[in-house]
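Colleague: heads up, no residue letters with this:
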């Protein structure tokens, strides 16, 4: 999976439309192998992003869990600590 695509499920507050769109964009970029499509492919690229946004939003709204919602700041700190352990201090 692309490292820039973040988990968006079970957060309080829920993922924003902007977060879902950014994740969809990263997914379509990765899948297509293109960060910026050619002019002739732009409409197709944008349509794919919109469909992934729709499917992702439906998924996130439909998921059911008994786990407590995660805190964004705590999860970001955990990720930073994992990176420090993995890559050392820069």
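Modeller: Thanks, I have it. Please read these numbers as outputs of a predicted model, since none were measured by experiment.

Colleague: Next, count neighbours for the nearest residue to residue 32 once chain neighbours are set aside.
Modeller: Spatial nearest neighbour of residue 32, excluding adjacent residues (CB to CB, 6 or more residues apart in numbering): residue 45 at 6.7 Å. For every residue, glycine as well, the C-beta is placed using N, CA and C. Per other CB atoms under 10 Å, the neighbour tally for residue 45 reads 17.

Colleague: so what's the residue nearest to the spatial centre of the chain up against?
Modeller: What sits nearest the mean C-alpha location of the chain, by CA atoms, centre = their mean, is residue 23, with 3.1 Å. By CB atoms under 8 Å, 6 or more residues apart in numbering, residue 23 lies in contact with 5, 6, 8, 56.

Colleague: Can you give me the pLDDT of it?
Modeller: Looking at residue 23, its pLDDT reads 93.

Colleague: repeat for residue 13
Modeller: Residue 13 is given a pLDDT of 89.

Colleague: a strand runs through it, doesn't it?
Modeller: No - the assignment for residue 13, made by DSSP: H, G, I helix; E, B strand; the rest coil, is coil rather than a strand.

Colleague: roughly how far is the lowest-mean-pLDDT helix or strand in the chain from the heart of the chain?
Modeller: Lowest by mean pLDDT, DSSP states H and E among the helices and strands of the chain is helix 72-87, with a mean of 90. Helix 72-87 sits 17 Å away from the centroid of its parent chain (CA atoms, centre = their mean, to the nearest Å).

Colleague: same check, this time on stretch 48-68
Modeller: Worked out by CA atoms, centre = their mean, stretch 48-68 lies 11 Å from the chain centre.

Colleague: Go through that stretch and flag the buried ones.
Modeller: 48, 49, 52, 53, 56, 57, 60 (16 or more other CB atoms under 10 Å).

Colleague: How about residues contacting it?
Modeller: The contact list for stretch 48-68 (CB under 8 Å, 6+ apart) reads 8-10, 14-15, 17, 20-21, 23-25, 27-28, 31-32.

Colleague: distance of residue 73 from residue 17?
Modeller: Look at residue 73 and residue 17: by CB to CB, to the nearest Å, they are 21 Å apart.

Colleague: which residue sits closest to residue 6, ignoring its sequence neighbours?
Modeller: residue 23 is the one closest to residue 6 (CB to CB, 6+ apart), at 6.6 Å.

Colleague: Kind regards, and thank you for your time.
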